[in-house]
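Enquirer: Sequence first, then the predicted structure:
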Amino acid sequence: MKPDSIELAIELNEMNSSRRGFFRAVSRGVTQSIEEPMAVINASRPLGAVEEELFNRLCTQCGDCVTACPQSVLSMQANGPCMDLSLNHCNFCHQCITVCPTQALNILNTTDTGWRPTFSQSCNARLFGNCQECVDDCPKQALTLPDDATPALNENCNGCGECLSSCYIGAITLMEKS
């Protein structure tokens, strides 16, 4: 082998090694996020829902709230309308409440969806320190990013789900607020 060929082989080996290391790190994060328990996102009622027993008596399952939602985060399930923030976020426009004919959705219960984000081990901010999409996109400034760490949640969170929508690697899940 010529000296230039040897140098090229060494350079390619280093590049392949670092590329391999990169993909190992990414796949490790993906594997960990898959192994974490997934939350059922569509379990909660629409924004403004009254207490569950009363809701079940009042809601006629007419679907008006589902149709009125401009964000398409409501869907009709067997037990009535549910909020699903897996593809979009709630912008608290109150359209669902406005069209509800039975007051099963009430304007008095509209400050919080009841969801809170949790961050998996595959969060890019945690792994590589180079992402803050969720922090930047949060309309309530409810997330902060400590140095080389997973985003931290503060009391401003209203559970809108914008962080979930903004996470392009799927490292965020929403859990019911305890």
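Expert: Looks like it came in fine. Numbers count the residues shown, from 1 in each chain.
Enquirer: how many neighbours does residue 60 have?
Expert: As a burial measure, residue 60 scores 11 neighbours (other CB atoms under 10 Å). Just so you know, the C-beta spots here come from the backbone N, C-alpha and C atoms, and that holds for glycine as well.
Enquirer: for this protein, where's the lowest mean pLDDT among helices and strands?
Expert: Ranked by mean pLDDT, DSSP states H and E, the weakest helix or strand in the chain is helix 3-35, scoring a mean of 49.
Enquirer: Pull out the buried positions in the helix or strand that that one is followed by.
Expert: Per DSSP states H and E, helix 3-35 leads on to helix 52-58 as the next helix or strand towards the C-terminus. By neighbour count with 16 or more other CB atoms under 10 Å, helix 52-58 contains the buried residues 55, 58.
Enquirer: Can you name the residues in contact with helix 52-58?
Expert: 45, 49, 50, 79, 80, 102, 103, 104 (CB atoms under 8 Å, 6 or more residues apart in numbering).
Enquirer: repeat that with 6 Å
Expert: Here helix 52-58 makes contact (CB atoms under 6 Å, 6 or more residues apart in numbering) with 49, 102, 104.
Enquirer: Stretch 73-84 too?
Expert: For stretch 73-84, contacts defined as CB under 6 Å, 6+ apart pick out 41, 42, 44, 46, 59, 61, 63, 65, 66, 85, 88, 90.
Enquirer: measure the residue nearest to the fifth one when sequence neighbours are not counted to residue 54 for me?
Expert: Ranked by CB to CB, 6 or more residues apart in numbering and with sequence neighbours excluded, the top spatial neighbour of residue 59 is residue 104, at 4.1 Å. When CB to CB, to the nearest Å is applied, the distance between residue 104 and residue 54 equals 8 Å.
Enquirer: coming back round to it: are any of the contacts of stretch 73-84 buried, and which?
Expert: Buried among these by 16+ other CB under 10 Å: 41, 44, 46, 59, 65, 66, 85, 88, 90.
Enquirer: my guess is the fourth one contacts residue 105, does it?
Expert: Yep, that's residue 59 we're talking about. No. Contact criterion CB atoms under 6 Å: residue 59 and residue 105 do not qualify, at 8.4 Å.
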